[in-house]
Structure formats: structure tokens, C-alpha cells
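>>> A predicted structure for the sequence below; I have some questions about it.
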Amino acid sequence: MRFLILFSFSITALLAFGESIQSFEADFTQKITDEENKVLSYKGSMRSKRPDMVLWSYKEPINKKIYVTKTRAVIVEPELEQAIIKKLDGEIDFFGILASAKAVDEMHYKAVYKGITFILKEENGVIISLAYTDQLENKVIIEFSKQKQNRPIEDSVFTPKVPVDYDIIKE
């Protein structure tokens, strides 16, 4: 669970790449390779909007939604009929991190946040992929498709939807 939260914060931090991007939406495929070369693969979609709103919707192999802002993460897990609410104390400034990413070459940018190096690949100003090694030494690559930038997104999209009968866990 902690990995998914860290993953969400870290990835979210990189999705608003560049000062001119106000919103970013995409489908994604996430592959996580551990130190024994075992690969976990996830698919879903994400939406992000300045100043600090992100929604990760995992569809395969599990159904899960992760709502992230600077101050809180809410993880809604339908299969477990639970929601986890985690206070973040303003520790994540994902749009700021992306704005500080530096060009490595014509298609790659590098950002360092809390000791983790993120490599973004972009083409014509659109994020194509993101790669990093997390704090658990897992190699993570996220490939984006059907990207949309700077389209209006209603704030209500980022309001967690937790059924009343779900267990609520506060961390």
C-alpha cells in the first residue's frame, strides 16, 4: 500500500511537466520490476489539474482509485470495500517539481525529488513516459497514451467518491 501511495505522489509530481501545462490526462501502463526481475503490470487512466489535484484510476489487474492533493491522499478500493485517507502535510509539490525538471537532450528531462531521479520522455511537448527507481529499488516505467493537455477538467472529478458502507481507515 505504501508503495502505491509513494508511486502516486511521485508520478503525480511529474505529470504537469512545464509551466504552460494546466491539466494533463492520459491512459497509462505501469510496469514495476523488482530486484529479482519480477514484473508487475498495471493499466488505467489519470487526470491532473493545477494547482495540486490528481486522480489515478487503476483498472487492471485491480480496480482502485487514488485521489491526491498536496495535503491528502484518498485510496478507494472497491474489492476490499474500504477507503484509506492519509494526511500529507503539504509535503508534495508535484507541479513545482515538473517545472524544475531540466532538459537532458531533445526528448528527455530529469528531475530529482527526495533523492529519487525521474526521467521524463516527451515528444512535441507531450509526456510519453516516465521512469525512475523507487526507494525500494523497484524500477518503474509508466508509458502514456491518448494524452490530452490543457483541457478543462471540473474540480469535482478530484473529489473522492466513497460509498457510505465502506470501511474508512485513517493514517
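Structure received.
>>> from here on, contacts and neighbour counts on C-alpha atoms
Fine.
>>> By mean pLDDT, point me to the weakest helix or strand of this structure.
When each helix and strand of the chain is scored by mean pLDDT, DSSP states H and E, helix 2-14 comes last, with a mean of 48.
>>> bridging residues for residue 149?
In this structure, residue 149 bridges to residue 24 when assessed by DSSP bridges.
>>> just residue 145 next, same as before
Residue 145 has these beta-bridge partners by DSSP bridges: residue 27.
>>> which one is residue 66 nearest to, not counting chain neighbours?
residue 75 (4.5 Å; Cα to Cα, 6 or more residues apart in numbering).
>>> Please apply the same query to residue 169.
Among residues not flanking residue 169 along the chain, residue 84 sits closest, at 4.7 Å (Cα to Cα, 6+ apart).
>>> for that neighbour, what are its contacts?
Residues near residue 84 by Cα atoms under 8 Å, 6 or more residues apart in numbering: 73-76, 168-171.
>>> So which of these sit within strands?
Secondary structure from DSSP state E places 73-76, 168-170 of those in strands.
>>> Mind checking which of those residues are buried?
Neighbour counting over these (16 or more other Cα atoms under 10 Å) leaves 73-76, 168 as the buried ones.
>>> Output the residues you listed in a markdown table; the columns should cover distance to residue 100 and pLDDT.
Formatted as a markdown table, these follow (distance: Cα to Cα, whole Å; pLDDT from 0 to 100):
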| residue | distance to residue 100 | pLDDT |
| --- | --- | --- |
| 73 | 23 | 91 |
| 74 | 27 | 95 |
| 75 | 28 | 96 |
| 76 | 31 | 97 |
| 168 | 36 | 96 |
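>>> I'd like the ones in strands among the contacts of residue 84 as CSV, with distance to residue 28 appended.
Converted to CSV, the ones in strands among the contacts of residue 84 look like this (distance: Cα to Cα, whole Å):
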residue, distance to residue 28
73, 20
74, 20
75, 18
76, 19
168, 28
169, 27
170, 28
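>>> Kind regards, and thank you for your time.
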